[in-house]
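Visitor: Provide a 3D model corresponding to the input given below.
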Amino acid sequence: MSDVNKHELRTSEALQEWRKAEQAVAVARRGRLAAEAAASAANEALEAAHATALAAQASLDAATAAQRSAAKGAEAARLAAVATVDDVTAATAERTAAVVEGSGRGDVQAGCGVAGAASEDLPRDVAD
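Guide: The predicted model follows:
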């Protein structure tokens with residue numbers, strides 16, 4: 001083989017090596033870009049996870065406050081119900097006493113009427 005052929009072979013091999021190197025650089029560049037994109041996505045995911053954790057904590061705090069408020073409301077409703085039952089019981093007792101007293105007064109008045117007495121003739125505590 002002549003020197004020219006050897007030189008052409010070396011040039012051809014050098015060009016092939018150059019192309020392989022360029023391809024390797026291109027692959028490495030794409031790999032670096034992909035790694036940067038993955039790192040950026042991971043950073044965004046981390047920020048989103050942190051925001052989600054904060055929102056979950058706020059939600060838990062709000063639910064806890066709502067539960068306390070509901071318990072206070074239930075207790076207030078219970079107290080109002082007890083007071084209402086007490087008021088109804090007292091009113092019923094007063095009404096019953098008034099009916100019984102009125103019924104007794106009518107009997108006294110009727111008895112006095114039979115005896116010829118008018119209601120003005122009754123003792124003051126019975127007339128009321």
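Visitor: Local confidence estimate at the residue nearest in space to the middle of the chain?
Guide: The C-alpha lying nearest the average C-alpha coordinate of the chain belongs to A63 (CA atoms, centre = their mean; 3.8 Å). At A63, the pLDDT value in this model is 98.
Visitor: what does R10 give?
Guide: 86.
Visitor: How about V99?
Guide: Per-residue pLDDT puts V99 at 80.
Visitor: How far does the helix or strand containing it sit from its chain's centre?
Guide: Secondary structure from DSSP states H and E places V99 in helix 3-114. Distance, stretch centre to chain centre, for helix 3-114: 7 Å (CA atoms, centre = their mean, to the nearest Å).
Visitor: just checking, what packs against that helix?
Guide: If contacts are counted by 3 or more CB pairs under 8 Å, 6 or more residues apart in numbering; DSSP states H and E, helix 3-114 sits against helix 124-127. Quick note: C-beta positions are derived from backbone N, CA and C, even for glycine.
Visitor: how about 7 Å then?
Guide: If you count contacts as 3 or more CB pairs under 7 Å, 6 or more residues apart in numbering; DSSP states H and E, helix 3-114 packs onto no helix or strand.
Visitor: how close does the residue nearest to the centre of the chain sit to S69?
Guide: Distance of A63 to S69, computed by CB to CB, to the nearest Å: 11 Å.
Visitor: and if you look at R19?
Guide: Distance, R19 to S69, by CB to CB: 74 Å.
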